[in-house]
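Engineer: based on what follows, work out the 3D shape:
(chains A, B, C, D, E and F)
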Protein chains: 6
Amino acid sequence: MAASDLEIRAAEDELRRGFQTLEVVQKDPAVPVYHIYLNRAAQRNALTVPFFSELPRALSLLSVLPSARALVLAARGPHFCSGIDLEALRSLTPSPSPSPAAAADLLRGRILSLQAAISSLERFRKPVVAAIQGACVGGGVDLAAACDIRYCSDDAFFVVKEVDLALAADLGSLQRLPHIIGYGNAVDLALTCRRVSALEAKAMGLVSRVFPSPSALEEGVDQLAKGLAEKSSVAVMGTKAVLLKSRDQKVDEGLDYVATWNSAMLMSPDLEEAVAAHIQKRKPNFSKL
Amino acid sequence: MAASDLEIRAAEDELRRGFQTLEVVQKDPAVPVYHIYLNRAAQRNALTVPFFSELPRALSLLSVLPSARALVLAARGPHFCSGIDLEALRSLTPSPSPSPAAAADLLRGRILSLQAAISSLERFRKPVVAAIQGACVGGGVDLAAACDIRYCSDDAFFVVKEVDLALAADLGSLQRLPHIIGYGNAVDLALTCRRVSALEAKAMGLVSRVFPSPSALEEGVDQLAKGLAEKSSVAVMGTKAVLLKSRDQKVDEGLDYVATWNSAMLMSPDLEEAVAAHIQKRKPNFSKL
Amino acid sequence: MAASDLEIRAAEDELRRGFQTLEVVQKDPAVPVYHIYLNRAAQRNALTVPFFSELPRALSLLSVLPSARALVLAARGPHFCSGIDLEALRSLTPSPSPSPAAAADLLRGRILSLQAAISSLERFRKPVVAAIQGACVGGGVDLAAACDIRYCSDDAFFVVKEVDLALAADLGSLQRLPHIIGYGNAVDLALTCRRVSALEAKAMGLVSRVFPSPSALEEGVDQLAKGLAEKSSVAVMGTKAVLLKSRDQKVDEGLDYVATWNSAMLMSPDLEEAVAAHIQKRKPNFSKL
Amino acid sequence: MAASDLEIRAAEDELRRGFQTLEVVQKDPAVPVYHIYLNRAAQRNALTVPFFSELPRALSLLSVLPSARALVLAARGPHFCSGIDLEALRSLTPSPSPSPAAAADLLRGRILSLQAAISSLERFRKPVVAAIQGACVGGGVDLAAACDIRYCSDDAFFVVKEVDLALAADLGSLQRLPHIIGYGNAVDLALTCRRVSALEAKAMGLVSRVFPSPSALEEGVDQLAKGLAEKSSVAVMGTKAVLLKSRDQKVDEGLDYVATWNSAMLMSPDLEEAVAAHIQKRKPNFSKL
Amino acid sequence: MAASDLEIRAAEDELRRGFQTLEVVQKDPAVPVYHIYLNRAAQRNALTVPFFSELPRALSLLSVLPSARALVLAARGPHFCSGIDLEALRSLTPSPSPSPAAAADLLRGRILSLQAAISSLERFRKPVVAAIQGACVGGGVDLAAACDIRYCSDDAFFVVKEVDLALAADLGSLQRLPHIIGYGNAVDLALTCRRVSALEAKAMGLVSRVFPSPSALEEGVDQLAKGLAEKSSVAVMGTKAVLLKSRDQKVDEGLDYVATWNSAMLMSPDLEEAVAAHIQKRKPNFSKL
Amino acid sequence: MAASDLEIRAAEDELRRGFQTLEVVQKDPAVPVYHIYLNRAAQRNALTVPFFSELPRALSLLSVLPSARALVLAARGPHFCSGIDLEALRSLTPSPSPSPAAAADLLRGRILSLQAAISSLERFRKPVVAAIQGACVGGGVDLAAACDIRYCSDDAFFVVKEVDLALAADLGSLQRLPHIIGYGNAVDLALTCRRVSALEAKAMGLVSRVFPSPSALEEGVDQLAKGLAEKSSVAVMGTKAVLLKSRDQKVDEGLDYVATWNSAMLMSPDLEEAVAAHIQKRKPNFSKL
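Structural biologist: Numbers count the residues shown, from 1 in each chain, chains lettered A, B, ... in the order given. Reported below is the predicted structural model:
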């Protein structure tokens, strides 16, 4: 929904004040792309409690900015993310311990809230690209799996680590990975906790491209995000929304849904512009949404 | 359902009269395989309005022919299909424009009708093989994804083009591709509109085989179709039907469905014949259905 | 559920008495892993009628043994499994034939019962690894697809054979393969009955690893199973259960399910132990379940 | 979709030529309501083979008439419908009998085609009201259950008759009745084949109103249909479509669907007109769709 | 599936040896109906641990008897069932208590096993009628809801008691009641634990008939069961199976399922016999299944 | 989740500052029940734009108060709610109007946000009772349908009004009513916009009780809410959560879900307390959650 100028300014102000666990930047004011960096490089970007409220907050603010037509989720330092911080994990279990039932109720609420933080990447209406170097472990895989497109450098490796921490992964990997890499691969990775190289990740479909170095990755991702930001917003957002909805529906339901969606969304000047630009062999100039 | 001789003759007659956008041929009267060719090579087989009524009509006629035990969907000229014709796309939006609601209602009806044309490939009870050379773009991908098996030549390339035309793909790619190439690959292709080579398509599972040339492709596809046509119809049609149903159900529901299906369909002389032929090491000779 | 000592002894006794079509062994009493071997090597381990009651019986007995923390499904002789025995297949159809309806009812009941035998691998709460060499054909593919992880040697090959026997596969391949290798590959294999090599199986995700020889396979599988058996049971069983449930649900439902599951299962001493062991850089020592 | 004048004329012509088993009339040219009468009163409107092609054909023709803004499904003579004609039922089973599998395949196709005829009432975009007097038995219940609203006279009675004909009802009662009268009532009626009076039908929710006589019923239904025809088409058709879709979805999916639907359909001049008429306390005058 | 004479005799023998918590009787050898009585009248038929293994065992034995074409679930004494025995409830929670996670795992297994006992009524292929007098409380409602048809005497009353025992009902009421009495009524009963009279139960659809006394109830139920037993088995079992499957599916899926089911099951001599009997105005004589 | 004292105080403060469209009161500090009153009696409590943000805000605040163990949604003045305010309805459609696609996107976002406000009643973890007098029209029905239990006085009447406003209801009635009153009744009410009296509403299951006057209603609702507040929170919240989840799932899935839920939640001291109180024939004293 179009935000008022007031809302936009307020969002920009709050983003400017910054976060503990994240850094949100628009690298180039001419390019409507924002980067969200995990910025606890010294701790290999282990996910702490504040992260799980800061990420959805940042996304909520970015969702009102017309200048955020595509996002990049990236990480400072040599590693993307080493997973949930052990202290954060421990703090999930209530203490001093009430009755097991009360403890379970508390715990369930906390897990749902962590899940919601991760899923906010998927619910962000514009595309989110993950740029992955080094370790992508445990909660890092959950994060990556909730992004729309994943690129990595060749030093990246992936570990669905949770079973080695004596728990069943509960932040989305067990739900999203089977759709991305197939059920057999997902079971293998989740049960064995084995390390998957960048190349194997590419072969499985876990990442779409592998770059020879972190800097090449950065360049590749920036170019991808810029390209996405230049496309018709109504088309990009519609495609993301319809893909997500269709992932969880029968094919026939998905077809009906996209017909209903497009019954309104096709009446866009972008379509005329795209056809005109195509015929005139020029770059189209799409409206903002 | 078994058609009467009268129906069969009527269907053959109508097929003989031909179509504007399609060519339907049985290459060899001894081989119960039909080819449907997109025959607007000069326009790279762009899909026009008549195509969307001719394709389901042709399939409806072929469904009554006992001599059509397998189909090939192929294309004349160097390219399989460049997608929906821009004029056809424009004609979807009603003009002169009634109220937005009335326009949306009209548009929704038209999209549903185009979708039904594509889905008629999937609903055809016998197997349909796509033979793809050159460009397979936009609506071409929708067509290919609705076939059962896809073979291509090494000059083929695939582009989910719709976002670059400022629209969300609404003819099935967003629903069917995730099942075929995985969700991550589908998002990547649909958002970036990037070009996928024959080899990458093979690695993703988008095509089952790549041939070194269009003529090798033709030969390979003809052999595949002939092979399918020689198999037991009750088995081939049952397998296609059960796979489609199971794609949209839980595993347990699919198991119950196939048990119910086979409770009748196993009582077929084909089964006896298959076992006998196997033991006698000869080619089985299956009944027609 | 924890079994009493009495139940455990009874199960061990019955396992010791053995089976016609299976051999169940714990290779090393110090390693809590059991192997189930198909032991009709002379018949290429074709699946006979007794097999379909012995397999679920064996799994039911193993489910009460604390020393069975992981299973291997393997086969004696050069081939994993040549599929359902033709005699067994024939015996499915009732004879002398009652009315078609009564025959269908009988047949449906028998198919459901065969399916249940295969699905008992999936329902076994602890992980099951398939070790595949030589032919894995027809019912062999159904068996393999119901295991959690599949490894093979490079001489292995896979054929979804049923259409060539004039029937639609009804023991799970048409339901499980699309999740494992993608829908396009599954249609291709099921309709063409073509032979898939070990390498292609790996590329498709049908197997997770290929070993250069049957003996290397054996070693690799034993190591895998031992590794799984050493992990936290509550984590491994939870992960298997949640993956299976989530395979058949929307992503959001799966997230809620795992949050509810973990609300109880996270309150495990294994979690503390895992964290402690991680910090102390030692091997964790998990409780039995 | 708006039909051209040509299409409208052709439809009117074909309707005028009439049907064997149906009578289609617009009672009053000033009232945009059509009645479809089952017109085999002498046979208590037993459903014959031609009926199952004539009903969908009539609905298909009516769907292009702007003057058919609501339909009534009614019956000539003292009884609504005594169910499927025994001859028609017998003709379902193929004869001379091919193999059981081929017979089953034929039979399945025929049942699907009968079902499609019944479901065409539900798929008709504008509202269909059933007017029921006397017997509503077997296939008559299937017909009634596929209409949107059911009114009856107090001599009406309902019997889900199929089990007494030694078959499981396969034209929709087992699927639609549980939604209408609850699962317990549906099981009771379907297993016992007991006769349900008009009053009990009202208490169960099977009919919405009971009238003291067939003529009062006629008047009541005509008034209802006229009222529906005067309402905003975009609202009525949208409500029918969304109710049907939501019946088969989770609540959350239904909410998303109606939001997407209304995103286009709310942009209708009818809404302005309704509000204006409401404020000016006059009857609204809605656009045609 | 047709059982051998040997199986039948073994089942009869085991039934004759009897149960602790149940009494299984065929009242009249000429009438193929069995009664299962809860026989702990002194304890108001509170459900103890043995009950949950005896009920599924009894049903399993009855399923092989050709003389059990319909069942009645009834109770000795003035009350149908006062719910789960408090001792049984307490024994669910493991003691001495292992870790919360291990306890939860045990508990979950035990609940699933109790649920399976209740659901065995629903899974029994032939119809099961509940005859309810006096108290039907807690677990008694779970039992009744899993039967196909419920009759009661006017002294019967129903209480969804679990919330007053400080737990969420977990034996099926929360899943089955909304289908039977509507969601609003189900929430009301489950949250308030209020007492529902026989008359209100009838109005809600919870029971199909109310009788003026327990003896009238007995007579009414016996007549109903006898009537069901005389109908065509293939029709009755098919109807029960299709209703159950359709309860959990979309309408369109249910239609496809019943078409597939009937493609085999319509080829029954019962159908011919029903039509012949109907024409000859005599009682049909159906084959056994 | 248990809130800190700080959070509780902050919530109490914000509630004390009050709302424009709502009045939130705890009538008796000794009774842990809150009432939310629609307080625009002069406008028949028509729903304005602020209402849709104030309702979820109020619920969010109440969710942290331990003293809010049950809620009542009621209304000041003679009418419960006359539906969405026409000005609010008009403001939904964007103006000045951007392109139809952009307008549709805005509109869809706004509808989703209104829906979320209504659904917050359903998502509130503790029970919410609606107390309805006078008119309950349009949006009023949406509100009532999202509550857990509905009571009304005998002057209450219900109208699903949206079609008369030329729109398809999009705030939940079309999704929730079929579950509550059956599909046939829901279609009838939604298409005809007819007025339903309190008595008919009771017969349909739309309300659970009808009181002879608004003051009797108030007393009845207060007693109900007090009763709910005294029950075990873990049981009440679990029952509400499981009912909601099961409404949207197959019966088998719901059974597995509640088993998993109870595996943790049964380990509650409330259960012991309930049993003890039952045996000692005293009122139980449950822990807070």
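Engineer: near chain C, anything from the one helix or strand A:Leu107 maps to?
Structural biologist: For A:Leu107, the host element (DSSP states H and E) is helix A:100-123. Yes - counting by CB under 8 Å from any CB of the partner chain, contacts between helix A:100-123 and chain C involve A:100, A:103-105, A:107-108, A:111-112, A:115, A:119. C-beta: built from backbone N, CA, C; applies to glycine.
Engineer: which one of these is nearest to chain E?
Structural biologist: Nearest to chain E among the residues of helix A:100-123 next to chain C is A:Pro100, at 4.8 Å by CB to the nearest CB.
Engineer: number of residues surrounding A:Leu206?
Structural biologist: 27 (other CB atoms under 10 Å in any protein chain shown).
Engineer: quick one, phi psi at it?
Structural biologist: Main-chain dihedrals, A:Leu206, degrees, to the nearest 10: phi -70, psi -40.
Engineer: pretty sure it sits against A:Phe158.
Structural biologist: Yes - with contacts counted by CB atoms under 8 Å, A:Leu206 reaches A:Phe158, the gap being 6.5 Å.
Engineer: contacts with chain F among the residues of helix A:100-123 next to chain C, please.
Structural biologist: Okay, of the residues of helix A:100-123 next to chain C touching chain F (CB under 8 Å from any CB), that's A:100, A:104-105, A:108.
Engineer: from the chain's centroid, how far away is stretch A:82-97?
Structural biologist: Taking CA atoms, centre = their mean, to the nearest Å, one finds the center of stretch A:82-97 at 23 Å from the center of the full chain.
Engineer: which of the residues in that stretch are buried?
Structural biologist: A:82-85, A:88-89, A:92-94 (16 or more other CB atoms under 10 Å in any protein chain shown).
Engineer: pLDDT and distance to B:Pro56 added to those residues, as CSV?
Structural biologist: Output for the buried residues of stretch A:82-97, formatted as CSV (pLDDT from 0 to 100; distance: CB to CB, whole Å):
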residue, pLDDT, distance to B:Pro56
A:Ser82, 97, 54
A:Gly83, 97, 52
A:Ile84, 95, 52
A:Asp85, 93, 57
A:Ala88, 87, 56
A:Leu89, 87, 56
A:Leu92, 83, 55
A:Thr93, 79, 59
A:Pro94, 77, 60
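Engineer: out of those, which are close to chain C?
Structural biologist: Applying CB under 8 Å from any CB to the buried residues of stretch A:82-97, those adjacent to chain C are A:89, A:92-93.
Engineer: for the stretch 101-250 of chain A, what spans make up the strands?
Structural biologist: Here the stretch 101-250 of chain A has its strands, by DSSP state E, counting those that start in this stretch, at A:128-132, A:135-137, A:149-153, A:157-159, A:195-197, A:209-211.
Engineer: just give the nearest non-adjacent residue to A:Val196, would you?
Structural biologist: A:Phe158 (4.4 Å; CB to CB, 6 or more residues apart in numbering or on different chains).
Engineer: ignore what I typed, I meant A:Lys283.
Structural biologist: In space, A:Lys283 is closest to A:Ala277, 6.3 Å off (CB to CB, 6+ apart).
Engineer: pLDDT score assigned to that neighbour?
Structural biologist: Listed pLDDT for A:Ala277 reads 91.
Engineer: can you get me a residue count around the residue in the stretch 51-200 of chain A positioned nearest to chain D?
Structural biologist: Closest to chain D within the stretch 51-200 of chain A is A:Arg123: 12.3 Å, counting by CB to the nearest CB. A:Arg123: 15 surrounding residues under other CB under 10 Å.
Engineer: what's the spacing between A:Leu171 and A:Glu87?
Structural biologist: The gap separating A:Leu171 from A:Glu87 is 16 Å, by CB to CB, to the nearest Å.
Engineer: and what of A:Arg125?
Structural biologist: 33 Å.
Engineer: and the lowest-mean-pLDDT helix or strand in chain A, what does it pack onto?
Structural biologist: Confidence across the helices and strands of chain A bottoms out at helix A:86-92, with a mean of 85, counting by mean pLDDT, DSSP states H and E. Applying 3 or more CB pairs under 8 Å, 6 or more residues apart in numbering or on different chains; DSSP states H and E, one finds that helix A:86-92 makes contact with helix A:49-62, helix A:100-123, helix C:269-279.
Engineer: and the contacts of it?
Structural biologist: For helix A:86-92, contacts defined as CB atoms under 8 Å, 6 or more residues apart in numbering or on different chains pick out A:46-49, A:52, A:107, A:110-111, A:114, A:165, C:266, C:271, C:275, C:278-279.
Engineer: between these, which sits nearest chain E?
Structural biologist: C:Leu266 (7.1 Å).
Engineer: that closest one: how many residues sit nearby?
Structural biologist: C:Leu266, neighbours per other CB under 10 Å, totals 30.
Engineer: do I have it right that it meets A:Ala169?
Structural biologist: No - using CB under 8 Å, C:Leu266 is not in contact with A:Ala169; the gap is 11.6 Å.
Engineer: about what we covered before: so which of the helices and strands packed on helix A:86-92 is nearest B:Trp261?
Structural biologist: helix A:100-123 (36.4 Å; CB to CB).
Engineer: could you dump the strands of the stretch 101-250 of chain A to TSV with mean neighbour count and mean pLDDT?
Structural biologist: Below are the strands of the stretch 101-250 of chain A laid out as TSV (neighbours: other CB atoms under 10 Å in any protein chain shown; pLDDT from 0 to 100):
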stretch	mean neighbour count	mean pLDDT
strand A:128-132	28	98
strand A:135-137	27	98
strand A:149-153	27	98
strand A:157-159	23	98
strand A:195-197	17	98
strand A:209-211	20	98
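Engineer: let me have those strands in a markdown table, extended by distance to E:Val221.
Structural biologist: As requested, the strands of the stretch 101-250 of chain A are arranged in a markdown table below (distance: least, CB to CB, whole Å):
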| stretch | distance to E:Val221 |
| --- | --- |
| strand A:128-132 | 62 |
| strand A:135-137 | 63 |
| strand A:149-153 | 63 |
| strand A:157-159 | 62 |
| strand A:195-197 | 62 |
| strand A:209-211 | 70 |
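Engineer: deepest in the core, which of the helices and strands packed on helix A:86-92 is it.
Structural biologist: Of the helices and strands packed on helix A:86-92, the one with the most neighbours on average (mean count of other CB atoms under 10 Å in any protein chain shown) is helix A:100-123, at a mean of 21.
Engineer: who does that helix touch, helix- and strand-wise?
Structural biologist: Where contact means 3+ CB pairs under 8 Å, 6+ apart, helix A:100-123 is packed against helix A:49-62, helix A:86-92, helix A:139-145, helix C:251-265, helix E:100-123, helix F:233-247, helix F:251-265.
Engineer: find the nearest non-adjacent residue to A:Thr48, please.
Structural biologist: A:Thr48 sits nearest to A:Asp85 (CB to CB, 6+ apart), 4.7 Å away.
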